[in-house]
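Peer 1: I'd like to go over a predicted model; first the sequence, then the structure.
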Amino acid sequence: MRGARKTRILFVCGGNTCRSPMAAALAKKVAGGAMEAESAGVEPGFSVTREAVCVMAHEFALDISSHEPRALDAVVPEHFDYIITLDPYVRKRFLEQFPSLSGKVMSWDVDDPFGQGTEKYSECAYSLYEKLQELGRELRAGREL
């Protein structure tokens with residue numbers, strides 16, 4: 001790990017309405033202050049989904065209700081240590097826009113729960129949580145990702 005500086009991670013999904021905001025909130029919880037996490041979307045929607053807000057509140061005691069979806073141009077991807085795209089399509093779109101950042105990009109294949117009901121959102125959140133726990137172990141071990 002990099003001394004006292006926190007590891008900065010950007011999570012990117014399609015609309016920035018569910019997967020990436022859930023991932024960013026969970027990353028902060030899993031890392032216990034050792035990580036800064038933000039999110040963006042390749043085609044941002046209008047608001048965080050009700051199902052994402054409910055699942056995060058009821059199953060993880062996290063409040064993402066104030067999240068506002070944003071596009072990649074609202075963040076500076078170059079300022080992050082790692083960029084985690086949440087499906088192959090998003091990875092492709094991200095790298096079309098930022099080809100010079102390919103060395104920072106990791107891709108997780110996480111099913112998009114959008115429009116599929118609370119159970120799918122819960123499955124998505126727990127999938128993200130498991131991946132983040134593994135990522136946290138790797139970062140604590142000082143492994144380069």
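Peer 2: Received it, and whenever you're ready, just let me know what you need.
Peer 1: so where do the helices sit in the chain?
Peer 2: 19-31, 50-60, 88-97, 118-140 (DSSP state H).
Peer 1: ok, the closest residue in space to residue 75 that isn't next to it in sequence - how many residues close by?
Peer 2: Nearest non-adjacent residue to residue 75, counting by CB to CB, 6 or more residues apart in numbering: residue 40, 5.1 Å away. From N, CA and C alone the C-beta is placed, and that goes for glycine too. When neighbours are defined as other CB atoms under 10 Å, residue 40 has 23 of them.
Peer 1: cool, and residue 83?
Peer 2: 26.
Peer 1: which residues does it contact?
Peer 2: 9-10, 12, 77, 94, 101, 104-106 (CB atoms under 8 Å, 6 or more residues apart in numbering).
Peer 1: and of these, the nearest to residue 18?
Peer 2: The closest of those to residue 18 turns out to be residue 12 (CB to CB; 12.8 Å).
Peer 1: lowest-confidence helix or strand of the chain?
Peer 2: helix 118-140 (a mean of 90; mean pLDDT, DSSP states H and E).
Peer 1: in that helix, what counts as buried?
Peer 2: Across helix 118-140, burial judged by 16 or more other CB atoms under 10 Å covers 118, 120-122, 124-125, 127-129, 131-132, 135-136, 139.
Peer 1: ok, now stretch 43-61?
Peer 2: Buried-residue list, stretch 43-61, by 16+ other CB under 10 Å: 44, 48-49, 51-53, 55-56, 60.
Peer 1: how long is that stretch end to end?
Peer 2: Stretch 43-61 has its terminal residues 28 Å apart, counting by CA to CA, to the nearest Å.
Peer 1: in this structure, what spans have low per-residue confidence?
Peer 2: Applying pLDDT under 70 to the chain flags residues 1-4, 141-145.
Peer 1: got a list of what residue 75 touches?
Peer 2: 10, 38, 40 are the contacts of residue 75 under CB under 8 Å, 6+ apart.
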